[in-house]
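Asker: structure, please.
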Amino acid sequence: MRALHIITGLGIGGAEQQLRLLLRHLPVSCDVVTLTNPGPVADGLRADGVRVTHLGMGGNRDLKALPALTRLVRRGGYDLVHTHLYRACVYGRIAARLAGVGATVATEHSLGRAEIEGRPLTRGARALYLGTERLGSATVAVSATVAGRLRDWGVPAARIHVVPNGIDAARFRYDATRRAATRAHLGIPADAFVAGGVGRIVPGKRFDTLVRAVAALPGAWLLLAGDGPETDALRTLTARLGATDRIRFLGECGTDPQGADPRGAGRTPVPDLLSAMDVFVSTSREEAFGLAVVEALAAGLPVLHRTCPAIDDLPHDHAPGARRISGSVGELTAALRRRMEGGVRRLVPPPAVGHYDIARSSARLMDVYAHALASAPPTRREAHR
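Answerer: Residues are numbered from 1 along each chain as shown. Down below sits the predicted model:
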């Protein structure tokens with residue numbers, strides 16, 4: 001089988017890094033097309049031996065990209081097209097239909113109750129999504145929560161398949177040597193209490209709450225891995241609160257060891273940062289899955305989270321180290337203070353980590369592929385053989 005993955009962009013983000021990890025475990029010959037931004041994840045995919053094509057799309061309404069994408073799909077003779085993220089799902093489904101590929105799968109990575117990929121949901125965006133969804137064979141939801149949101153939108157339940165995001169747990173295993181080296185590299189005392197957060201620095205992640213809570217705790221430090229439009233505002237807030245010396249803004253950080261990505265020089269990998277932390281905090285207003293929380297649990301960290309479908313969709317005993325919080329500054333400050341005063345200890349990775357193993361996710365996705373191929377019009381499939 002030959003599959004083409006179409007994604008909106010390949011900068012460092014959860015969906016982008018999930019695609020790269022997935023391709024390492026799928027027993028399928030895969031190429032990738034990125035509509036925009038061939039960033040660090042594109043470099044990483046190429047380092048893995050995956051062919052990556054940049055379509056050079058100029059924006060959401062760059063309609064000339066559609067015939068170019070259609071030609072690319074047709075020339076590739078693909079058995080299946082798999083799309084990721086909103087713009088790629090819309091254009092990719094149409095291109096696949098025009099190119100005569102009958103098996104089309106789309107993964108919904110970032111659908112919230114009122115947002116999609118961090119942007120407010122509009123009536124027009126929803127209508128366009130639903131209109132093109134009918135052109136596909138199946139829609140993959142990364143959590144049961146997202147599956148419920150898709151059903152509420154009007155996507156038929158029979159077309160929705162839950163395939164959770166997955167992680168390579170061994171990559172995030174706690175390492176005392178990496179902890180010491182990372183703290184030394186970042187100028188953090190070996191005995192300091194360190195909180196951490198990972199994600200795009202956008203309003204919906206509410207990192208300002210975490211900054212305010214840490215700033216209110218003398219002696220506490222904060223590591224923030226990620227980048228985005230709110231970075232400068234958070235730096236200004238940090239300076240105003242007098243916590244610049246205790247809060248580190250680390251920019252985009254991948255999950256691979258240093259040097260594994262062509263543009264990875266100077267970046268501290270997320271697994272090393274998790275080893276350096278004592279508690280992980282997710283203050284997001286909405287999440288479709290919560291991959292960073294699962295990675296933190298794999299590192300043996302206690303977790304404080306406002307919302308995380310990856311945890312909320314499982315029985316409580318699957319993640320005993322995860323505690324749900326309302327997200328107010330006062331509550332978070334008090335919770336962090338209790339962690340500081342109670343002493344630092346590493347936890348055994350809970351059952352949730354094994355539940356979200358990437359090998360398990362790839363096997364479930366292969367079942368979806370088989371379903372999509374079996375239900376595709378025979379004449380369209382055979383036209384490319």
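Asker: next up, the contacts around the closest residue to residue 362 other than its chain neighbours.
Answerer: Among residues not flanking residue 362 along the chain, residue 25 sits closest, at 4.1 Å (Cβ to Cβ, 6 or more residues apart in numbering). All C-beta atoms are positioned from the backbone trio N, CA, C, and that covers glycine. Listed by Cβ atoms under 8 Å, 6 or more residues apart in numbering, the contact partners of residue 25 are 166, 358-359, 361-362.
Asker: so which of those residues is the most crowded?
Answerer: residue 166 (24 neighbours; other Cβ atoms under 10 Å).
Asker: so that residue makes contact with residue 359?
Answerer: Yes. Counting by Cβ atoms under 8 Å, residue 166 does reach residue 359; the two are 7.3 Å apart.
Asker: tabulate the contacts of residue 25 (CSV), appending distance to residue 103, pLDDT and secondary structure.
Answerer: Formatted as CSV, those follow (distance: Cβ to Cβ, whole Å; pLDDT from 0 to 100; DSSP: H, G, I helix; E, B strand; the rest coil):
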residue, distance to residue 103, pLDDT, secondary structure
166, 22, 96, coil
358, 23, 97, helix
359, 23, 96, helix
361, 19, 97, helix
362, 17, 97, helix
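Asker: got those residues as CSV, with distance to residue 208 columns?
Answerer: Shown next, in CSV, are these (distance: Cβ to Cβ, whole Å):
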residue, distance to residue 208
166, 30
358, 32
359, 37
361, 33
362, 37
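Asker: among those, which one sits closest to residue 1?
Answerer: residue 362 (13.5 Å; Cβ to Cβ).
Asker: any idea how far that closest one is from residue 164?
Answerer: With distances taken as Cβ to Cβ, to the nearest Å, residue 362 is found 11 Å from residue 164.
Asker: for residue 292, same thing?
Answerer: Using Cβ to Cβ, residue 292 is found at 14 Å from residue 164.
Asker: pretty sure residue 346 sits against residue 300.
Answerer: Yes. Judged on Cβ under 8 Å, residue 346 makes contact with residue 300 at a distance of 4.1 Å.
Asker: more neighbours, the two?
Answerer: Taking other Cβ under 10 Å, residue 346 and residue 300 do not tie; residue 300 has more neighbours (19 against 15).
Asker: so who does that one touch?
Answerer: By Cβ under 8 Å, 6+ apart, residue 300 lies in contact with 173-174, 346-349.
Asker: are any of the residues you listed buried, and which?
Answerer: Neighbour counting by 16 or more other Cβ atoms under 10 Å classes 173-174, 347, 349 among the contacts of residue 300 as buried.
Asker: secondary structure and distance to residue 235 for those residues - can I get that in JSON lines?
Answerer: As requested, those are exported to JSON lines (DSSP: H, G, I helix; E, B strand; the rest coil; distance: Cβ to Cβ, whole Å):
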{"residue": "173", "secondary structure": "coil", "distance to residue 235": "32"}
{"residue": "174", "secondary structure": "coil", "distance to residue 235": "29"}
{"residue": "347", "secondary structure": "coil", "distance to residue 235": "32"}
{"residue": "349", "secondary structure": "coil", "distance to residue 235": "33"}
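Asker: among those residues, which two are most distant?
Answerer: Farthest apart among these by Cβ to Cβ are 173 and 347. That separation is 12.3 Å.
Asker: shaky segments in this structure?
Answerer: Across the chain, the ranges flagged by pLDDT under 70 are 118, 255-266, 378-385.
Asker: domains of it?
Answerer: Domains of the chain are assigned by automatic domain parsing as 2-166+358-382, 169-355.
Asker: and the helices in the stretch 1-150 of the chain?
Answerer: 14-23, 40-47, 65-76, 86-99, 123-133, 144-153 (DSSP state H, counting those that start in this stretch).
Asker: show me where the stretch 251-385 of the chain has strands.
Answerer: In the stretch 251-385 of the chain, the strands defined using DSSP state E, counting those that start in this stretch lie at 279-282, 303-305, 322-324.
Asker: neighbouring strands of the longest one in the sheet, and parallel or not?
Answerer: The reference is to strand 279-282. strand 193-198 (parallel), strand 303-305 (parallel) (DSSP bridges).
Asker: for the contacts of residue 300, give me a markdown table that also has distance to residue 221.
Answerer: Formatted as a markdown table, the contacts of residue 300 follow (distance: Cβ to Cβ, whole Å):
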| residue | distance to residue 221 |
| --- | --- |
| 173 | 22 |
| 174 | 18 |
| 346 | 17 |
| 347 | 20 |
| 348 | 25 |
| 349 | 24 |
